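Peer 1: Okay, sequence plus prediction incoming.
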Amino acid sequence: MSLGARILVVEDDASLRAGLERALVRAGYDVETAIRGADALRVIREQPPDLVVLDLMLPGHDGTFVLERARREGFTGPVIILSARSALEDKLRGLQLGADDYVTKPFDLEELLARVAVRLRRTHVPTAHRFGSVQVDLSLRRVLRDGEPVHLTPKEFDLLAFFLAHPGVTHSRGRILEAVWGEDYEGTRRTVDNFVRSLRTKLEDDPEEPRHFVTVWARGYAFRPGG
């Protein structure tokens with residue numbers, strides 16, 4: 001998974017747009033949404049995302065216009081078309097205009113997430129991180145401290161990856177629970193405290209005075225790579 005990638009979802013159906021946003025955020029991505037083609041182009045020009053999920057049938061400029069204009073203006077990130085148009089000529093036109101993939105509605109959410117992950121693995125999104133004496137390889141799910149392997153449980157690693165994807169950002173315990181454990185998780189927010197404590201014990205020089213996994217009073221936790 002390419003955690004931390006910025007994804008732009010361009011979809012005018014409110015329910016589908018919200019569902020996609022929830023699923024992508026839960027998978028660890030940063031998500032921005034747009035309803036109209038003009039708004040999508042503005043985002044792509046001002047702060048190019050790492051990947052675009054693009055509906056074709058939009059109010060104003062449709063998706064093919066957005067794709068063609070974005071490519072002509074130099075956007076090189078992957079674009080996955082999401083459309084109810086299933087005819088072969090529609091798929092071919094989308095691919096000819098510069099789309100990297102074409103998914104027809106209705107679609108399987110897990111399949112879409114897998115396609116997103118595949119496309120992002122082929123781009124520049126970093127998988128290697130370093131802070132203090134700690135080195136992390138997200139693709140290999142490997143952690144070293146002072147050159148020595150550190151064992152993290154799968155969920156500890158997921159929490160670490162979430163923090164690495166959002167350096168300097170303060171997150172509430174509820175937000176962390178939803179992103180790392182999923183919105184259906186039935187545990188309490190104390191779970192986050194326990195896992196943060198475990199990361200501090202394994203990765204901080206002084207767990208009682210943490211430099212990287214810090215508590216932000218009355219707000220939650222933040223990861224500070226510089227310390």
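Peer 2: It's in. Given the structure is predicted, the values throughout are model-derived calculations rather than measurements.
Peer 1: shouldn't A165 be in contact with D30?
Peer 2: Yes. If you go by CB atoms under 8 Å, A165 and D30 touch, sitting 7.4 Å apart. Where you see a C-beta, it was placed from the backbone N, CA and C, and this is true even at glycine.
Peer 1: Compare these two (neighbour count), which wins?
Peer 2: A165 (21 against 17; other CB atoms under 10 Å).
Peer 1: mind checking pLDDT for the more buried one?
Peer 2: A165 carries a pLDDT score of 79 in this model.
Peer 1: so where do the helices sit in the chain?
Peer 2: Counting by DSSP state H, one finds helices in the chain at the ranges 14-26, 37-46, 63-72, 88-96, 109-121, 154-165, 173-176, 190-203.
Peer 1: Could you tell me the angle between the first one and helix 109-121?
Peer 2: Here the directions of helix 14-26 and helix 109-121 differ by 60 degrees (axes from the mean of the first three to the mean of the last three CA atoms, to 10 degrees).
Peer 1: And the contacts of helix 14-26?
Peer 2: Identification of contacts with helix 14-26 by CB atoms under 8 Å, 6 or more residues apart in numbering yields 7, 9, 11, 31, 33, 35, 53, 109, 112-113, 116, 178-179, 182-183.
Peer 1: I'd like to know the average pLDDT value across that helix.
Peer 2: According to the model, helix 14-26 has a mean pLDDT of 91.
Peer 1: can I get the CA coordinates of that helix in CSV?
Peer 2: What follows is helix 14-26, C-alpha atoms only, in CSV (Å, rounded to 0.1, in the frame of the first residue of the first chain):
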residue,chain,number,x,y,z
ALA,A,14,-22.8,12.4,-3.3
SER,A,15,-23.3,8.9,-1.9
LEU,A,16,-20.7,7.2,-4.1
ARG,A,17,-18.3,10.1,-3.5
ALA,A,18,-18.6,9.8,0.2
GLY,A,19,-18.2,6.1,0.1
LEU,A,20,-15.1,6.3,-2.0
GLU,A,21,-13.6,8.9,0.3
ARG,A,22,-14.2,6.8,3.4
ALA,A,23,-12.7,3.7,1.9
LEU,A,24,-9.6,5.5,0.6
VAL,A,25,-9.0,7.4,3.9
ARG,A,26,-9.4,4.1,5.8
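Peer 1: before we move on, back to that, give me the buried entries from the contacts of helix 14-26.
Peer 2: 7, 9, 11, 31, 33, 35, 53, 112-113, 116, 178-179 (16 or more other CB atoms under 10 Å).
Peer 1: Could you pull out the buried residues of stretch 72-85?
Peer 2: In stretch 72-85, counting by 16+ other CB under 10 Å, buried: 75, 77-83, 85.
Peer 1: got these as CSV, with distance to R197 columns?
Peer 2: Listed next are the buried residues of stretch 72-85 as CSV, based on distance: CB to CB, whole Å:
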residue, distance to R197
F75, 43
G77, 38
P78, 38
V79, 42
I80, 39
I81, 44
L82, 41
S83, 46
R85, 51
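Peer 1: Of the residues you listed, which is the nearest to R211?
Peer 2: Using CB to CB, G77 comes nearest to R211 of the buried residues of stretch 72-85, at 33.9 Å.
Peer 1: Might one say that the closest one is in contact with L51?
Peer 2: Yes. Look at G77 against L51 with CB under 8 Å: they come within range, at 5.7 Å.
Peer 1: if you skip the residues just before and after it, what's nearest to the residue most central in space within the chain?
Peer 2: With distances taken as CA atoms, centre = their mean, Y29 lies nearest the centre of the chain, 1.1 Å away. Nearest residue to Y29 in three dimensions, chain neighbours excluded: I7, at 4.9 Å (CB to CB, 6 or more residues apart in numbering).
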